[in-house]
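Chemist: Just need the structure, nothing else, for what follows:
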Amino acid sequence: MWPKFYFQWLTKSVPTGAVEIYPEISDSYETNLPNVFIIGDLTGVPLLKLAAESGVKVWKHIRENKTNALDVVIIGSGPAGLSCVYEASRLHKKYVVLEANLPFQTIQSYPKQKPIFAEPKETLTKSKIKIGDSNKEDLLEYLNHLLEKEPIELQIGKRVSSIESDGSLYTVKTESGDSYTTHSVVIAIGKSGDPKRLGVKGESSSNVFYRFFDPYDSKDKSVVIVGGGDSAVEAAILCSDFANEVTIVHRGKEFQRPKEENRILLEKKVHEGKIKLLLESEVTEINEQNVFVRSPGSSNKRKADLVYILIGNLAPISFLKKIGIKIQNEKSISDWIGFVTLFSFAGLAYLGKASFYGPGWFSPVATGFGGLAILGLISFLFLKWKSGVKNFQTWLLIRNTYLLGVFFYFLFVYLSATYFGYLLFGKYPSFHYTMLYSLTILVFGIRRIIVRKTDYILYQTLSLIFVQIFFLFLLPELILPALGEMGYLGSPDGYIRKEIFPNDAYWKAYGFILAWPLSMGVLYDGGITNFWLGYGLFFTFGVIPFLVYRYGKGAYCGWICSCGGLAETLGDEHRQKMPHGKWAYRLEHSGQYILLVAFLVTTLKLLGVYGKSIHPGLEISESIADSVKWIYDLVVDIGLAGVVGVGFYFLFSGRIWCRMFCPLASLMHIYAKFSRFRIFSEKKKCISCNICTKNCHQGIDVMGYASRGIPLDSVQCVRCSACVSLCPTDVLEFGQIVSSGIRYDSIQAKLRK
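Modeler: Okay, the predicted model is just below:
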């Protein structure tokens, strides 16, 4: 039973919410279809002010139209679409707006007197649409007045059925048979797709509704509202002034998502007895008179003349898929072929560099991986050629050219050394691997600094680049060998060459930065010395605990570690691919078992090395350790840290190894339980947009913390700052818990864009 209690202690009260699915778009709002853009709520930020602003910003990325076709077809006439139209008029562009229903249909479907919050307050917009604090009716009056004052080219009742590519142009067709030829398309249809359902008996009854319109409909009736977000809370508050009784059924222990204003009003209504809460409860059945609810330890029946199921809407994914827009984390055939190619290259790289020191079967297996990588690459390029180059982006060309160069460079180095005995520059493949690893962190680190423009990321990335290039490449591969040849490291019997680099094992310099058990060689190898025993114990069980206590696990994982360095640079643009499902949360405990094995094997090794002089019989423990160690090296160091860790970069984020399997990270999870570091949130500013959770490549449900206003204490946090810097309403910030209360880090000012 101890593992269960141990894991509960590590992850106590950690939120495990899922990530909402949205279309895949770039920072310029562009989809996988060239010149097809998505703005507004469908970008994942449910704020009217920012939706309107996206209608202006998108014009910075719409390329010039050199044809006689329309410059743009705008689909949807909400605040985002209308803002885009007025900007098009200002720029003297040819456009048409297609609206399936009536202008501002989503806003019109809001309940009466629904409050409108103009968040973020400090954001100044360039949009002609000015969103301020108001309510539904006032906002509609303002928007309709604007339309009357400055009319636009609006086609009402035109539901788009297809968007077809016609060379460099698109043909947009509607269900009524209309057709429009355009250079670009801007989709601003919002997120109001099909409502989410409970999946229980009776939810299609005549007294069940998935939208809330008029609170007066509840007059003198018993109302049951299912949900825990702003929509459910607002509906309950409005109905409480008319209904006989109002009951909210919510599956959570508390309300995490509602805005602070709504939460305060709800508490007041509950205190006054106008609203009854059923928390940690689920609806099991609905009929025309009652709702059956299962609560902890009991089941009960609530009278229900009206039932509102307000648990959210599904984005119009089916429509987007139909027109060919890629959905986030949706895997195509080319994605899977690309994964096989990268995975095979990782197998080639890690087995190839180890083949000169490992068993003989490493070479043929590595060669097989190389052949599979070439087949995958040919298949991938064929699919891309067959589908045509639809979306040329400079960065993608640079990135893919670089990765191809790395692949063919290492393939040449490995094959020439293995089968022809030719060592490029007189160096084994391991040298070239380390050089390419460092170069990759440099190249993609520069890209990260350019794209993620915060001082924090600048300093963090520079630290990662320096540590990798100096300590893990220049020092062991070039500087130390050169100093040794010139005699500056002393004689073979001197302290440096005997204790620090025994037998000129300069690779031990890795241990200065890579602690046990990430680098097992610090405390485990044939040349273990008193220096490395002392330094290894001090670094792993002294320095790192201090860093974690003061600054969190990310002080090492995010600023020093080479695995983290590659993840934060090469893996930066793939951080949204980390899975958040239940299986992923269970799998992330795997590293604890690997840590246990590493501890046992290392203990046996040290017991044999240092104990055999006391009792000769203890020598057997060293033999047992060695018999297990090579399996550990193969499975963990080569298999999980190398082949899986790198091979899954473009499929499941660059932090798969760090999150799921790394034994050092698992050791730091224990340290992190006592850390002062936290990410604090200002709950009243949280809009539950899920951007923080979606961009966490450690799979943390950051929004689950932020929406509840509790400090993030997840042991998985690597302090990458993505959630802090990407939050549209500046909800999050780094800080520390101290005895006198909460003290925020001075580095906060550097996190802002």
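Chemist: residue ranges of the strands in the stretch 201-350 of the chain, please?
Modeler: Ranges of strands in the stretch 201-350 of the chain, per DSSP state E, counting those that start in this stretch, are 208-209, 222-226, 245-249, 275-278, 282-286, 290-295, 298-303, 306-309.
Chemist: Throw those into TSV and include mean pLDDT, thanks.
Modeler: TSV is the format used below for those (pLDDT from 0 to 100):
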stretch	mean pLDDT
strand 208-209	90
strand 222-226	94
strand 245-249	94
strand 275-278	92
strand 282-286	92
strand 290-295	91
strand 298-303	87
strand 306-309	93
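Chemist: how about those strands in CSV, adding mean neighbour count and distance to L140?
Modeler: To be clear about C-beta, it is placed using only N, CA and C from the backbone, and glycine gets the same treatment. Shown next, in CSV, are the strands of the stretch 201-350 of the chain (neighbours: other C-beta atoms under 10 Å; distance: least, C-beta to C-beta, whole Å):
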stretch, mean neighbour count, distance to L140
strand 208-209, 18, 21
strand 222-226, 25, 24
strand 245-249, 24, 26
strand 275-278, 19, 27
strand 282-286, 18, 32
strand 290-295, 19, 32
strand 298-303, 12, 34
strand 306-309, 24, 22
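Chemist: among those strands, which is nearest L489?
Modeler: Proximity to L489, assessed across those by C-beta to C-beta, is greatest for strand 282-286 (68.9 Å).
Chemist: will you turn the strands of the stretch 201-350 of the chain into a markdown table that also has distance to S430?
Modeler: Output for those, formatted as a markdown table (distance: least, C-beta to C-beta, whole Å):
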| stretch | distance to S430 |
| --- | --- |
| strand 208-209 | 65 |
| strand 222-226 | 60 |
| strand 245-249 | 61 |
| strand 275-278 | 62 |
| strand 282-286 | 56 |
| strand 290-295 | 60 |
| strand 298-303 | 64 |
| strand 306-309 | 60 |
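Chemist: Lowest-scoring secondary structure element of this protein by mean pLDDT?
Modeler: One helix or strand of the chain scores below all others by mean pLDDT, DSSP states H and E: helix 748-751, with a mean of 42.
Chemist: Pass me the low-pLDDT residue ranges in the stretch 151-300 of the chain, would you?
Modeler: Confidence mapping of the stretch 151-300 of the chain against pLDDT under 70 gives the ranges 192-194.
Chemist: what about 80?
Modeler: By pLDDT under 80, the weakly predicted segments of the stretch 151-300 of the chain are 191-195, 213, 254, 256-261, 297.
Chemist: just to revisit the earlier point, any idea which of the strands of the stretch 201-350 of the chain gets closest to K57?
Modeler: strand 306-309 (35.2 Å).
Chemist: which residues touch the closest one?
Modeler: 195-198, 203, 205, 207-210, 212, 217-218, 221-227, 232, 235, 243, 286, 291 (C-beta atoms under 8 Å, 6 or more residues apart in numbering).
Chemist: Let's see that with 7 Å instead.
Modeler: Residues from elsewhere that reach strand 306-309 (C-beta atoms under 7 Å, 6 or more residues apart in numbering): 198, 203, 207-210, 212, 217-218, 221, 223-226, 235, 286, 291.
Chemist: List the strands paired with that strand, with their directions.
Modeler: Note on strand 306-309: by DSSP bridges, its sheet partners are strand 208-209 (parallel), strand 222-226 (parallel).
Chemist: could you give the angle of the longest one to strand 298-303?
Modeler: Read that as strand 222-226. Note on geometry: by axes from the mean of the first three to the mean of the last three C-alpha atoms, to 10 degrees, strand 222-226 and strand 298-303 are set 130 degrees apart in direction.
Chemist: For stretch 605-614, which residues meet the burial criterion?
Modeler: For stretch 605-614, the neighbour count (16 or more other C-beta atoms under 10 Å) marks K605, L606, L607, G608, V609, G611 as buried.
Chemist: Could you report the separation of the fifth one from P616?
Modeler: Using C-beta to C-beta, to the nearest Å, one gets 13 Å for the distance from V609 to P616.
Chemist: any chance you could map the strands in the stretch 601-750 of the chain?
Modeler: With DSSP E, counting those that start in this stretch as the criterion, the stretch 601-750 of the chain has strands spanning 677-681, 732-738, 741-744.
Chemist: Which among these is found nearest to R497?
Modeler: strand 677-681 (39.8 Å).
Chemist: Now do that closest one: everything it contacts.
Modeler: Outside strand 677-681, the residues touching it (C-beta under 7 Å, 6+ apart) are 551-552, 705-706, 709, 711-713, 717, 723-724, 731-737, 742.
Chemist: Apply 6 Å and report the result again.
Modeler: 551-552, 706, 709, 711-713, 731-733, 735-737 (C-beta atoms under 6 Å, 6 or more residues apart in numbering).
Chemist: and what of stretch 232-249?
Modeler: So stretch 232-249 is contacted by 212, 215-216, 218-226, 258, 262, 265-266, 269, 274-278, 281, 283, 293, 302, 308, 310 (C-beta under 6 Å, 6+ apart).
Chemist: Kindly report the same for stretch 207-215.
Modeler: Residues from elsewhere that reach stretch 207-215 (C-beta under 6 Å, 6+ apart): 109, 111-112, 195, 235, 238-239, 242, 288, 306-309.
Chemist: Redo those as CSV? Include distance to Q8.
Modeler: What follows is these, written out as CSV (distance: C-beta to C-beta, whole Å):
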residue, distance to Q8
S109, 43
P111, 41
K112, 46
P195, 36
A235, 36
L238, 41
C239, 39
F242, 45
E288, 43
L306, 41
V307, 36
Y308, 36
I309, 33
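Chemist: about what we covered before: report the two of the contacts of strand 677-681 separated the most.
Modeler: Spatially, the most separated pair among the contacts of strand 677-681 is Y551 and G709, at 22.7 Å (C-beta to C-beta).
Chemist: For these two, indicate the residue with more neighbours.
Modeler: More crowded of Y551 and G709, by other C-beta atoms under 10 Å: Y551, with 20 against 17.
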